[in-house]
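>>> how would this look folded up:
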Amino acid sequence: MARLIHRLRQLRHKDERITAAVRATLVESLYASPQSLVIGALTSSVIATVVAAVSRDRWLAGCAVMIGVVGVIRIVDAVRLHRQGAEATVGAGASARRQERGYRLGALSYAGLLGLFGLLTLTRTEDGVLQLLAVTTAIGYAAGIAGRNAGRPSIALSQLCGASLPLVVGLLIAFDPLKAVLASVILLFVVAMMEITLQTYEAILRAVVVSHEKAALAEHNANMARRDDLTGLANRTAFREQFEARLAAVAADSGSLALLWLDLDRFKEVNDTFGHLAGNALLVAVAERLRRTFTDCGTVARLGGDEFAIVCALDNPEQAVAIGRRLLEVVGEPAQCDGHRLRSSVSVGVAVAPRDGTDADTLLKNADLALYRAKESGRGQMSLYEPAMDEKIERRRQLAAELHGALQRGEFHLVYQPIYDLAGERITSCEALLRWTNRRHGAVSPAEFIPIAEDNGQIVAIGNWVLHQACRTARDWPAHISIAVNLSPVQLRASNLPAVVISALDSTGLAPQRLHLEVTESVLLEDVDASLAALKALNRLAVNTTLDDFGTGYSALSYLTRFPFQTLKIDRSFVTDLDHSPASIAIVQTVVDLAAKLGMRTVAEGVETAAQLDQLRRTRCDAVQGYLLARPMPADMVAAMFAGTRLRAGNG
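All right, here's what the predicted structure looks like:
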């Protein structure tokens, strides 16, 4: 008994701790089976009417009428709410509590009336059959609701006591020993039913809580499956769902929708230079700006890597341009990470529905094409989709896809173009040139595939392969022949470049002095300090460095005094005009003289006529390279040339 009293005291505290959703489910259980409520109300009303009619007692008749009225009201309420469905019945929070109070009022009124009817029957009639009918009706009702309403134990226990305890009073008033025994049995019955009700409630409560926890976990997992882990934005899956939903809404309203596909410029270089933590910090900063700026007007998602997408409703198609410009400004703001000021820019491709497509796949493809156009335009640009861009950019996309795995498939090879010393009239070096023969597209120009490889970061792996292959080939050449290898800007900025060079030299046995690494002067403008440090590191390895394409538009004499180059390559644009342009002659002569005073050798590239070669001899240029002398050729043909390396125009 003490345990039961303790559990009754704890019941209220436990009930107050349950969540609104769990409470709503428990309240719903009160209305889960209106059939049992209808059957109970009808049978109780019929028995009360029969007892009142036979006894002809006005008190019993009045009580029977009240039982019938309350029963009808409860039946109507239960059926109505059951038909409206669970949502109407157990709305969360205040709605569930309000519904519970209504049920409690009807249930306690009905239980109390049955108990009162039993008490009146026991005290106002002498007919044992009528008393039996009244008592068994009340006790049967009490037993039924102990299980039916166990989900709300305070209601069930109140009904149990309301229907049973008046019977105990009525039996004890008679001062009959047998009736006193029956009263004791009913009291024990009440205690037992209380215990059963509390046990049933605890079992129901555990089941409901576990069910809600599983549902909450499933909902959480579903939400997480649609959220990007790093930025918290919608991921590709959620973006696709929301994009298609918004397209359907736009089609119904005859409106416009802008899809902006954006890609951070040179994001891989941030990772390579400052580390992945800095790259992640930049992504988070960009995501937060996009969320802050565009969430109110559209959907913002991270599609993976450094790719984001935004969908905005438009008042008119021209509004997409203003949104794109705002996007460029927002992403262009610098971000801070561990004391580093990370600057970023973004390339944006824009497609507008329904003008540029009406389905998700078409719009995504067109926005992607526009993005490629923006990158080709110099980055930090926005490009609107135009049908004319499809063919060119589609080829670029196909080549980008084919570049993946091209190295593993063995599709790359090197050719070598000899460089002749003008004084000794012999080959002193060869430049390694990369060629790609693709399984689907055949021979692809370096001018076409190298920018793609630089954009997607594959140039590092390809460049490392070129370096190792060129050193391996040059190892078997005469000792006075060097090998020239071009370095991509991405390679030059990589922190592990010295280690890669050392690995190539050690694995092939090539002497460091025989390796010449060429960089274009445009690279030097992007990060002077980093470029200077990289070149000095290469020189410490005894590797020679060459400034390639000197004079292509960014020339500054300070480069020649500040950067540790051993060789200067004069761009072919000056060499082409040597046979008819006095200005070009003067420029080439000036460059040759300046390089000589600074201790640098000069190489003129793009020599295609005898007149150009003669003029370069007069300027005292150190070495020449071009189709007039030899075209790029396989390694075995180069080796065959070493038998006779005197300078002869048209060789090869």
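>>> what number of residues lie near residue 123?
The local packing count at residue 123 equals 14, with neighbours defined by other CB atoms under 10 Å. (Each C-beta comes from the backbone N, C-alpha and C, glycine too.)
>>> which element is it on?
Assigned by DSSP states H and E, residue 123 falls within helix 94-124.
>>> And that helix, what does it pack against?
The elements that helix 94-124 packs onto, with contact taken as 3 or more CB pairs under 8 Å, 6 or more residues apart in numbering; DSSP states H and E, are helix 20-30, helix 34-55, helix 58-84, helix 128-148, helix 153-173.
>>> Out of those helices, flag the one nearest residue 427.
The minimum distance between residue 427 and these falls on helix 20-30, with 83.3 Å, by CB to CB.
>>> List the buried residues in that closest one.
By neighbour count, and taking 16 or more other CB atoms under 10 Å as the criterion, the buried residues in helix 20-30 are 21-30.
>>> cool, and stretch 349-360?
Judged by neighbour count using 16+ other CB under 10 Å, the buried positions of stretch 349-360 are 349-357, 360.
>>> In the stretch 451-600 of the chain, where is pLDDT below threshold?
Judged against pLDDT under 70, the low-scoring parts of the stretch 451-600 of the chain cover residues 522-527, 551-559.
>>> Please, where are all the helices along it?
When assigned using DSSP state H, counting those that start in this stretch, the helices of the stretch 451-600 of the chain occupy the ranges 459-474, 489-493, 497-508, 521-526, 528-540, 557-562, 572-576, 582-597.
>>> bridging residues for residue 547?
residue 519, residue 568 (DSSP bridges).
>>> how about it, what does it touch?
If a contact means CB atoms under 8 Å, 6 or more residues apart in numbering, then residue 547 has 518-521, 559-560, 563, 565, 567-569 as its contacts.
>>> again, but for residue 269
Contacts of residue 269 were listed using CB under 8 Å, 6+ apart, and they are 490, 493.
>>> Helix, strand, or coil at it?
helix (DSSP: H, G, I helix; E, B strand; the rest coil).
>>> ditto for residue 420
Here residue 420 is strand, with the state taken from three-state DSSP.
>>> Is it correct that it is in contact with residue 428?
Yes - checked against CB atoms under 8 Å, the pair residue 420 and residue 428 is within contact range at 7.1 Å.
>>> Show me whatever sits in contact with both of the two.
Taking CB under 8 Å, 6+ apart as the contact rule, residue 420 and residue 428 both touch residue 623.
>>> more neighbours, these two?
Using other CB under 10 Å, the more surrounded residue of residue 420 and residue 428 is residue 420, with 26 against 19.
>>> Specify the beta-bridge partners of that one.
residue 427, residue 624.
>>> if I pick it, what's in contact with it?
For residue 420, the contacting residues are 426-428, 623-625, 629, 647, by CB under 8 Å, 6+ apart.
>>> how much space is there between it and residue 604?
Applying CB to CB, to the nearest Å, the value for residue 420 to residue 604 is 10 Å.
>>> Same question for residue 42.
Here residue 42 is placed at a distance of 111 Å from residue 604 (CB to CB).
>>> Residue 256 too?
With CB to CB as the criterion, residue 256 and residue 604 are 57 Å apart.
>>> The two: which is more packed in?
The residue with the greater number of neighbours, taking residue 256 and residue 604 and applying other CB under 10 Å, is residue 604; the counts read 29 against 19.
>>> Pull out the buried positions in the strand or helix carrying residue 301.
Take DSSP H and E as the rule and residue 301 turns out to sit in strand 298-304. Neighbour counts using 16+ other CB under 10 Å place 298-303 of strand 298-304 among the buried residues.
>>> again with stretch 396-410
Of the residues in stretch 396-410, those scored as buried under the neighbour-count criterion (16+ other CB under 10 Å) are 396, 399-400, 402-403, 406-407.
>>> For it, which outside residues touch it?
368-369, 372, 376, 412, 436, 438-441, 444, 448-449, 452-453, 455-456, 458, 461-462, 465.
>>> Could you tell me which of these count as buried?
When burial is judged by neighbour count using 16+ other CB under 10 Å, the buried members of the contacts of stretch 396-410 are 368-369, 372, 376, 412, 436, 438, 444, 449, 452-453, 455, 458, 462.
>>> Phi and psi next, for residue 563.
Dihedral angles of residue 563 (phi, psi; degrees, to the nearest 10) stand at phi -100, psi 140.
>>> Excluding chain neighbours, what is closest to it?
Sequence neighbours aside, residue 535 is the residue nearest to residue 563 in space, at 5.8 Å (criterion: CB to CB, 6 or more residues apart in numbering).
>>> and if you look at residue 534?
Leaving out its chain neighbours, the residue that sits closest to residue 534 by CB to CB, 6+ apart is residue 492, at 5.2 Å.
>>> Tell me, how many residues neighbour the one you found?
Number of residues near residue 492 (other CB under 10 Å) recorded here: 22.
>>> Surely it is in contact with residue 520?
No - proximity of residue 492 to residue 520 does not meet the contact threshold set by CB under 8 Å, at 9.6 Å.
>>> that older thread, want to throw the buried residues of strand 298-304 into a markdown table with distance to residue 51 and pLDDT?
Rendered in a markdown table, the data for these read as follows (distance: CB to CB, whole Å; pLDDT from 0 to 100):
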| residue | distance to residue 51 | pLDDT |
| --- | --- | --- |
| 298 | 72 | 78 |
| 299 | 69 | 88 |
| 300 | 72 | 92 |
| 301 | 72 | 92 |
| 302 | 75 | 92 |
| 303 | 76 | 89 |
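>>> Let's have those residues in TSV, adding distance to residue 321.
As requested, those are exported to TSV (distance: CB to CB, whole Å):
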residue	distance to residue 321
298	15
299	19
300	19
301	21
302	24
303	22
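>>> Identify, from those residues, the entry nearest to residue 66.
Proximity of these to residue 66 (CB to CB) peaks at residue 299, which lies at 60.3 Å.
>>> correct me, but the closest one touches residue 311?
Yes - using CB under 8 Å, residue 299 is in contact with residue 311, at 4.4 Å.
>>> Overlap of the contact sets of those two?
239, 242-243, 246.
>>> List just the nearest of those to residue 470.
Relative to residue 470, and with distances defined as CB to CB, the nearest of the shared contacts of residue 299 and residue 311 is residue 239, at 44.4 Å.
>>> Against residue 256, how distant is that closest one?
For residue 239 relative to residue 256 (CB to CB), the value is 19 Å.
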